[in-house]
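J.: What follows is a predicted protein model with its sequence.
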Amino acid sequence: MAKSRFDICLDAVLLYEGGYADHPADPGGATNLGITHKTLARWRRVSPWWALPKSEVQALLRTEAAKIYRASYWNRIQGGQLPPGLDVALFDFAVNSGPHRAIRMLQAELDVAADGQIGPLTLDAIERRPAGQLINELCDRRLAFLNRLSTFATFGKGWTNRVAAVRNAALAAAGATTTISTKPNQWRTIMDLLNGYKTYIVAIFMLLAGVAQLLGIDLPALDGGSSGHLIMEALAVLFLRKGLKSDIARA
């Protein structure tokens with residue numbers, strides 16, 4: 001019996017999501033077959049997630065892992081409705097960096113509403129794009145995102161090789177051939193970086209404006225805002241953003 005696209009794509013993912021690992025620099029913690037400690041605990045309805053012993057992660061079998069992949073990743077990206085090639089590119093991205101982020105980056109490339117959900121509008125936009133071009137653009141965005149991560153120095157070489165291999169497999173499945181670059185588009189990297197830190201940029205501008213007013217430099221565009229008020233608001237935004245990111249990381 002011929003393998004389904006899900007099984008083919010899962011085989012590709014598991015080439016890089018191997019056996020048990022618990023690297024101290026990996027924010028996912030204990031992982032087996034690509035399934036993190038937290039993901040397995042939520043799948044088994046164990047709360048809080050750390051109440052599930054790590055030994056359960058280590059004992060995870062492929063049959064259960066496949067069910068998690070199908071329910072939490074493949075179905076989430078509507079893998080069965082995607083054209084061959086794009087399915088494995090988006091699936092592997094979703095497994096590696098989360099379905100919501102992978103879908104939003106695909107939607108940003110398609111210039112449709114980036115709501116993190118694959119619906120009729122996204123599927124229609126996919127149909128209108130050449131498969132090879134879309135696969136390359138998605139992989140470029142993925143590589144640019146990975147390059148911005150603080151753990152890139154530790155895992156960057158493996159991630160870069162993984163994206164290159166997935167790109168090759170995806171292009172082959174789509175029947176497309178395109179020159180492949182393992183380096184992210186520099187302009188796209190800069191724009192994505194600025195977009196990800198726009199809250200910080202605004203806050204820093206407010207802080208500098210407040211300091212400028214203290215030094216007697218008039219800024220007409222900010223007329224009406226006292227220096228002390230601007231500085232306090234800027235500091236509040238910076239610390240609130242930092243606190244929110246910490247809370248999200250612990251969730």
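T.: Received the coordinates, thanks. Numbering: from 1, shown residues only.

J.: separation between Met6 and Gly19?
T.: One thing to correct before we go on: residue 6 is Phe, not Met. Taking CB to CB, to the nearest Å as the measure, Phe6 and Gly19 are separated by 21 Å. (Each C-beta comes from the backbone N, C-alpha and C, glycine too.)

J.: Which of those two has more residues huddled nearby?
T.: Set side by side, Phe6 and Gly19 show unequal neighbour counts under other CB atoms under 10 Å, the larger going to Phe6 at 17 against 10.

J.: Find the nearest non-adjacent residue to the more buried one, please.
T.: Counting by CB to CB, 6 or more residues apart in numbering, the nearest residue to Phe6 once its immediate chain neighbours are dropped is Trp74, at 5.5 Å.

J.: What count of nearby residues applies to Ala21?
T.: 15.

J.: And the contacts of the host helix or strand of Ala165?
T.: Per DSSP states H and E: Ala165 is located in helix 152-174. Applying CB atoms under 8 Å, 6 or more residues apart in numbering, the set of residues contacting helix 152-174 from outside is 8, 12, 15-16, 25-26, 83-89, 92-93, 96, 131-132, 135-136, 139, 142-143, 146-147, 177-178, 180, 182.

J.: What about those, which are in helices?
T.: When DSSP state H defines the helices, the subset of those inside them is 8, 12, 86-89, 92-93, 96, 131-132, 135-136, 139, 142-143, 146-147.

J.: And those, which of them are buried?
T.: In terms of neighbour count (16 or more other CB atoms under 10 Å), the buried residues within the ones in helices among the contacts of helix 152-174 are 12, 86-89, 92-93, 96, 131-132, 135-136, 139, 142-143, 146-147.

J.: Find the residue ranges of the stretch 51-200 of the chain scoring beneath the pLDDT cut-off.
T.: Applying pLDDT under 70 to the stretch 51-200 of the chain picks out residues 177-200.

J.: so how many other residues sit close to Arg76?
T.: Neighbours of Arg76 using other CB under 10 Å come to 19.

J.: got it, and Glu56?
T.: Here the number of neighbours of Glu56 (other CB under 10 Å) works out to 15.

J.: what's the helix or strand for it?
T.: helix 54-58.

J.: what residues does that helix touch?
T.: With CB under 8 Å, 6+ apart as the contact definition, helix 54-58 has outside contacts at 20, 22, 30-32, 35-37, 40, 44.

J.: Measure how buried Tyr20 is and give me the count.
T.: For Tyr20, which is what you asked about, the neighbour count (other CB under 10 Å) is 14.

J.: What distance do you get for it to His37?
T.: Counting by CB to CB, the gap from Tyr20 to His37 is 11 Å.

J.: List the buried residues of the helix or strand following the helix holding Glu56.
T.: For helix 54-58, the following helix or strand on the C-terminal side (DSSP H and E) is helix 62-69. If you call a residue buried by 16+ other CB under 10 Å, then helix 62-69 has these buried ones: 65-66, 68-69.

J.: got it, and stretch 155-167?
T.: Here stretch 155-167 shows 159-160, 162-163, 166-167 as buried, counting by 16+ other CB under 10 Å.

J.: any idea which of the residues you listed is the one closest to Trp50?
T.: Nearest to Trp50, judged by CB to CB, of those is Trp159 at 26.3 Å.

J.: quick one: that closest one and Lys38, what's the gap?
T.: Using CB to CB, one obtains 20 Å as the distance from Trp159 to Lys38.

J.: Could you do Thr31 as well?
T.: 10 Å.

J.: Equivalent analysis for Arg44, please.
T.: The span separating Arg44 from Lys38 equals 11 Å under the rule CB to CB.

J.: For the two, indicate the residue with more neighbours.
T.: Lys38 (19 against 13).
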